[in-house]
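Chemist: sequence-free structure coming up:
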């Protein structure tokens with residue numbers, strides 16, 4: 001069943017009013033009719049099966065007919081701090097990371113970031129990333145859309161880290177030294193509801209200088225197994241491992 005995120009202010013008790021692109025998608029792309037059902041989510045944890053009442057104009061009016069209990073969110077709140085990668089890799093990371101359960105994405109400029117965030121196009125690029133996250137959350141049947149934070153510097157990353165008590169860095173030099181235990185040990189320290197900050201470098205990884213500063217600020221430098229992962233693969237590996245640890249392992 002097609003799923004749409006509708007802002008909480010568009011809910012009036014059991015009535016929901018869907019506007020703009022989602023309204024066009026329902027009427028023009030999906031060609032739905034009154035009586036058809038969709039799922040609406042308010043991005044605050046409420047999800048409901050809704051029956052379409054009216055498709056007039058640019059607003060689709062629906063009625064919630066069955067409230068849903070959702071357990072599709074990761075039991076740990078995971079923030080992916082991603083060193084700015086080249087080309088459209090950040091879009092790929094946001095899309096796949098959303099499907100895998102990340103709660104927040106924080107792009108930052110690292111020592112080895114070749115890509116730069118153009119301030120003149122920042123708002124447009126952030127809008128696009130938010131749209132990608134919304135569509136991925138709908139496709140993967142999540143009840144919340146991950147937050148896309150404004151890009152920042154390495155100093156901004158250190159300031160953000162003050163909000164977390166569990167912090168890890170994917171550091172390929174640790175993998176080359178066959179350090180495979182710290183990531184697993186970090187997972188064992190995490191309880192459901194905890195917040196975890198994961199730092200991934202851009203192409204070329206985190207620099208030695210950055211790694212030492214992060215270690216001084218309480219980060220665990222972790223190898224992710226015997227293979228060296230690309231920047232767009234590492235966050236997906238981390239999210240998959242956390243999902244397995246908390247959701248599948250039992």
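Modeler: Happy to help now that I have it. Model, not experiment: these values are computed from the prediction.

Chemist: Kindly provide the distance from the residue of the chain most remote from its centre to residue 170.
Modeler: Within the chain, the residue lying farthest from the chain centre (C-alpha atoms, centre = their mean) is residue 56, at 33.9 Å. Distance from residue 56 to residue 170, counting by C-beta to C-beta, to the nearest Å: 51 Å. All C-beta atoms are positioned from the backbone trio N, CA, C, and that covers glycine.

Chemist: same check, this time on residue 55
Modeler: 47 Å.

Chemist: Please identify which of the two sits among more neighbours.
Modeler: The residue with more neighbours, out of residue 55 and residue 170, is residue 170; 24 against 19, by other C-beta atoms under 10 Å.

Chemist: For that one, which residues are in contact?
Modeler: By C-beta atoms under 8 Å, 6 or more residues apart in numbering, the residues touching residue 170 are 198-201, 205-206, 222, 224, 229, 234-235, 238.

Chemist: so what pLDDT did the residue farthest from the centre of the chain get?
Modeler: Listed pLDDT for residue 56 reads 79.

Chemist: Next, it: secondary structure please.
Modeler: coil (DSSP: H, G, I helix; E, B strand; the rest coil).

Chemist: next one: residue 75
Modeler: Per three-state DSSP, residue 75 ends up coil.

Chemist: contacting residues around it?
Modeler: 192-193, 246-247.

Chemist: 6 Å instead?
Modeler: Residue 75 makes contacts with 192, 246, as judged by C-beta atoms under 6 Å, 6 or more residues apart in numbering.

Chemist: For the longest helix seen in the chain, what is the distance to the chain centroid?
Modeler: Longest helix in the chain by number of residues (criterion: DSSP state H): helix 122-139. Here helix 122-139 is found 10 Å from its chain centre; the criterion is C-alpha atoms, centre = their mean, to the nearest Å.

Chemist: buried residues in the lowest-mean-pLDDT helix or strand in the chain?
Modeler: Lowest on mean pLDDT, DSSP states H and E among the helices and strands of the chain sits helix 172-176, with a mean of 78. Buried residues in helix 172-176, counted by 16 or more other C-beta atoms under 10 Å: 172, 174-175.

Chemist: Residue 80: neighbouring residues, count only.
Modeler: Close neighbours of residue 80, defined as other C-beta under 10 Å, add up to 25.

Chemist: List the contacts of it.
Modeler: 97, 102, 105, 198, 235 are the contacts of residue 80 under C-beta under 6 Å, 6+ apart.

Chemist: Could you rerun that using 7 Å?
Modeler: 97, 102, 105, 198, 200, 235 (C-beta atoms under 7 Å, 6 or more residues apart in numbering).
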